[in-house]
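Asks: Mind looking at a prediction? Sequence and model below.
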Amino acid sequence: MSKYSIGTPLSRKLLLLGALPAIVMFITLIGFFTSARLDDARRDLSESSQLLADSLAPSLEYAVVAGNPLALQEMLSQSIQYSKADWVRVTDVMGDPIGFAARDDIPATEPTAGITIYAAEILQKPLEFETNRQASWFEPEYGFTSGALRVGTVEVGVSDRVLQARRNNILWSSVTVGLLLLLFTILVVRHFLNTILSPIYQVSGRISRLIETDYRINEVNRRGNSRELIAIEQQLNELAEHLGTLKSSRDQTLAVSEHARDKAETASNAKSEFLAAMSHELRTPLNGVLGMIDLVQEEALSLRQKDYLQTARQSTDDLLTVINDILDYSRMDSGAFNLEQQVFNLRTLIGNCVASYRHISEEHGLALTLNFYGDWPEKHLVLGDAPRLRQILACLLDNAIKFTNEGFVNVQAGCCGVEDGCIILTCSVSDSGSGIPQERVSDMFGSFEQLDAGDNRSFGGAGMGLSLVQRLVELLGGHVQVETSLGQGSSFRFELPLELASPTETPKPSEPAMPASGSPSMQALVVEDNPVNQRVAVALLTHLGFHTDMVTNGKEALNSLRNSHQGYDVILMDCQMPVMDGYETTRYIREWESGNGVGRTPVIALTADVLPGTELNCRESGMDDYLSKPVRKEHLREVVARWVKLPEH
């Protein structure tokens, strides 16, 4: 049903408006004339019946006076045939019947039920003689010159059925005429309604076509249309012309917008491809730098050499942080930023994150403290995105230490329950730094904003930290607040809702380690095309107790795996390589193992590509685990230990 079909149609309303007065008028007139006809019929029957009685009375005088019953009966029979009476009766002076006549369908009795009787007296009038008349013998014994003598009564009986039949005839004829007139009136009204409504329907159809974006100009019909409808049609033509102009403008705007969107999508895709390439190209040399620094730091060095290496390590970590922030921004802008849901110990995570900055704060001469308050759950286990929560707290700590020359950095973590199964974490990072002017507070959370602008700013950095913190907190369902005053330090506080882990949920344990083959020297294969990263991976695996082979692409890896007599305990597989990449190589390895009945060798992805979907692609190709470059020794040990039982140091 159309949404415009609700309500009573206009044609029905106008038809009712035209027919209703006619109906009232017809009912009134038919009622009046029917009542008048019924009164006339009643009066006519009464007058005709009485006239019959009055006419018979003089005619029957001779027959009654003469005592001639045959003549009396003949006269009565002739009279009743041409009247509406049911019977005629004649009585003498004493009231005894001396003559009776009835219709053929009436019993020979004198019924009185439902009968109206009209009576007239039969009078013997005196005879007037001339004064010079000689025949006196003809004069009656008693003179009648003084008046008439009643000799009997004639009665005419008329049944009520006659009046009822006449009444029914009048009513049926009135109803028939009234209905015919009413039908004629409705047909006339409908004819004129169609004449009136037809232009309105045309206007309605025109509006429907306008809604369906049909903006053609129609010729105005001036014949037979009212002035108002002609004006409406002209206005609709003007509206159609205006809408057509707007549609053309809209189509042009949409075409421009589509072109701009295509360019934006192309630019976005180019940006994503650039970020992926940049991530890979930057993380690959960083892996070599950090790996070599880790290896050198394990050698015997002088204090100055250790200081130099620590500075290089810190600079490399800062560069890695900038790369990670840029990639996070790219994921948020593209909508590919996914939050994880895992069970973790909230209090332990906060304590470990603060502890990792304790050495840096001591080097800056700052006192780093951590205080817990509030109503903490008994087991401290919550469900959420632990890496992102750690990233938020780490960014605030790094920002506070960077902008505080002396004094303290204080972390306070509070917890309160709001309902069953849910808590609110309130965490603040306060410092005794220089503070921030109130007019610049609103700019702190903008992307790439620095308090000191220009080339002479006091502190470095890309200006993404606080903006990233705000966006991460909002993605996690919380909010960030800042309290600061110039020269008196700053305090950044964020609140996050967290779901308590159920008693059956526990933090995901590491997958059980697979025991080594028992050989004195464990075997490992490194598949990596970058020479520096090859040396780093080999050196790190050597420190873990592996005898390591090294190849530069997937095809060489397959040949080495087929020719190895002892087999490999673990394979570190780079994903992006010439000749054959890591994904294809892993699929071939799994097919070869399945076809030759060889046990499954753990393959750990080693890639600089950390964009969304990379880890999923690795696992779908058959890899068992995932390591992103740059690879740290402790991270490598943790991942390898899931699959190979490492010797204890």
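Replies: Cool, got the structure. Numbering: from 1, shown residues only.
Asks: And the helices in the stretch 1-150 of the chain?
Replies: Along the stretch 1-150 of the chain, the stretches classed as helices by DSSP state H, counting those that start in this stretch are 10-59, 61-66, 69-81.
Asks: in the last one, what counts as buried?
Replies: Neighbour-count burial for helix 69-81, with 16 or more other CB atoms under 10 Å as criterion, is recorded at 72-73, 75-76, 79-80. The C-beta positions use only the backbone N, C-alpha and C, and glycine is treated the same way.
Asks: Tell me the one of the residues you listed nearest His364?
Replies: Within the buried residues of helix 69-81, the smallest distance to His364 is 144.2 Å, found for Ile80 (CB to CB).
Asks: For the closest one, give me its contacts.
Replies: Taking CB atoms under 8 Å, 6 or more residues apart in numbering, we find Ile80 in contact with 87-88, 101-103.
Asks: among those, who's most crowded?
Replies: Val88 (25 neighbours; other CB atoms under 10 Å).
Asks: State the pLDDT value of it.
Replies: Per-residue pLDDT puts Val88 at 86.
Asks: looking at it, it is touching Leu76, isn't it?
Replies: Yes: with contact defined as CB atoms under 8 Å, Val88 counts as touching Leu76 (5.0 Å).
Asks: joint contacts of these two?
Replies: By CB under 8 Å, 6+ apart, the residues touching both Val88 and Leu76 are 56, 100-101.
Asks: Kindly reformat those residues as CSV and extend each row with distance to Val65 and pLDDT.
Replies: What follows is the shared contacts of Val88 and Leu76, written out as CSV (distance: CB to CB, whole Å; pLDDT from 0 to 100):
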residue, distance to Val65, pLDDT
Leu56, 15, 82
Phe100, 19, 85
Ala101, 19, 84
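Asks: contacting residues for Leu171?
Replies: Here Leu171 is in contact with Thr34 (CB under 8 Å, 6+ apart).
Asks: How far off centre is stretch 69-87?
Replies: 93 Å (CA atoms, centre = their mean, to the nearest Å).
Asks: In a markdown table, list the buried residues of helix 69-81 along with pLDDT and distance to Leu123.
Replies: As requested, the buried residues of helix 69-81 are exported to a markdown table (pLDDT from 0 to 100; distance: CB to CB, whole Å):
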| residue | pLDDT | distance to Leu123 |
| --- | --- | --- |
| Leu72 | 82 | 16 |
| Gln73 | 83 | 21 |
| Met75 | 84 | 16 |
| Leu76 | 83 | 18 |
| Ser79 | 81 | 18 |
| Ile80 | 81 | 22 |
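Asks: Format those as CSV; extra columns: distance to Gln164.
Replies: Below are those laid out as CSV (distance: CB to CB, whole Å):
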residue, distance to Gln164
Leu72, 31
Gln73, 30
Met75, 29
Leu76, 25
Ser79, 23
Ile80, 20
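Asks: Between these, which sits nearest Leu246?
Replies: Ile80 (94.0 Å).
Asks: Just the C-alpha atoms of stretch 600-616, please, in PDB.
Replies: Extracted C-alpha coordinates of stretch 600-616, given in PDB (Å, rounded to 0.1, in the frame of the first residue of the first chain):
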ATOM      1  CA  ARG A 600      56.300 -30.600  11.000                       C
ATOM      2  CA  THR A 601      59.100 -28.100  11.500                       C
ATOM      3  CA  PRO A 602      58.200 -24.900  13.300                       C
ATOM      4  CA  VAL A 603      58.300 -21.900  10.900                       C
ATOM      5  CA  ILE A 604      58.500 -18.500  12.500                       C
ATOM      6  CA  ALA A 605      57.700 -15.500  10.300                       C
ATOM      7  CA  LEU A 606      60.400 -12.800  10.400                       C
ATOM      8  CA  THR A 607      59.100  -9.700   8.700                       C
ATOM      9  CA  ALA A 608      59.300  -5.900   8.800                       C
ATOM     10  CA  ASP A 609      55.700  -5.600   7.500                       C
ATOM     11  CA  VAL A 610      53.500  -4.900  10.600                       C
ATOM     12  CA  LEU A 611      50.400  -3.700   8.700                       C
ATOM     13  CA  PRO A 612      47.000  -5.300   9.600                       C
ATOM     14  CA  GLY A 613      46.500  -8.800   8.100                       C
ATOM     15  CA  THR A 614      50.200  -9.600   7.900                       C
ATOM     16  CA  GLU A 615      50.100 -12.000  10.800                       C
ATOM     17  CA  LEU A 616      46.900 -13.600   9.500                       C
END
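Asks: let's have the chain start at 208 instead
Replies: Right, with 208 as the first residue, what we last looked at is stretch 807-823.
Asks: packing partners for the strand or helix carrying Leu673?
Replies: According to DSSP states H and E, Leu673 maps onto helix 672-682. On a contact count with 3 or more CB pairs under 8 Å, 6 or more residues apart in numbering; DSSP states H and E, helix 672-682 meets helix 510-541, helix 593-609, strand 686-691, strand 697-707.
Asks: Would you format these as a markdown table with distance to Val616 included?
Replies: A markdown table is the format used below for these (distance: least, CB to CB, whole Å):
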| stretch | distance to Val616 |
| --- | --- |
| helix 510-541 | 18 |
| helix 593-609 | 5 |
| strand 686-691 | 14 |
| strand 697-707 | 10 |
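Asks: closest one to Leu768 among these?
Replies: Comparing the helices and strands packed on helix 672-682 against Leu768 with CB to CB, the closest turns out to be helix 510-541 (32.4 Å).
Asks: so for that closest one, what's the average pLDDT?
Replies: pLDDT averaged over helix 510-541 gives 68.
Asks: Check the offset of the helix or strand following it from the chain's centre.
Replies: On the C-terminal side of helix 510-541, the closest following helix or strand by DSSP H and E is strand 549-552. Computed by CA atoms, centre = their mean, the chain-centroid distance of strand 549-552 equals 37 Å.
Asks: what stretches of the stretch 308-457 of the chain score poorly on pLDDT?
Replies: Within the stretch 308-457 of the chain, the segments meeting pLDDT under 70 span 312-320, 334-354, 431-433.
Asks: Extract the C-alpha set from the host helix or strand of Asp756 and format it as PDB.
Replies: Assigned by DSSP H and E, Asp756 belongs to strand 753-758. Provided in PDB are the C-alpha atoms of strand 753-758 (Å, rounded to 0.1, in the frame of the first residue of the first chain):
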ATOM      1  CA  PHE A 753      71.700 -23.300  17.700                       C
ATOM      2  CA  HIS A 754      73.900 -24.400  14.800                       C
ATOM      3  CA  THR A 755      72.500 -22.200  12.000                       C
ATOM      4  CA  ASP A 756      72.400 -22.500   8.300                       C
ATOM      5  CA  MET A 757      71.700 -19.400   6.200                       C
ATOM      6  CA  VAL A 758      70.000 -19.000   2.700                       C
END
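Asks: got the residue ranges for the strands in the stretch 608-757 of the chain?
Replies: Per DSSP state E, counting those that start in this stretch, the stretch 608-757 of the chain carries strands over the ranges 614-626, 629-638, 686-691, 697-707, 729-734, 753-758.
Asks: May I have the strands that pair with the first one, each with its orientation?
Replies: By that I understand strand 614-626. Taking DSSP bridges as the criterion, strand 614-626 forms sheet pairs with strand 573-581 (parallel), strand 629-638 (antiparallel).
Asks: Repeat that for the fifth one.
Replies: Sheet partners assigned to strand 729-734 using DSSP bridges are listed as strand 753-758 (parallel), strand 777-781 (parallel).
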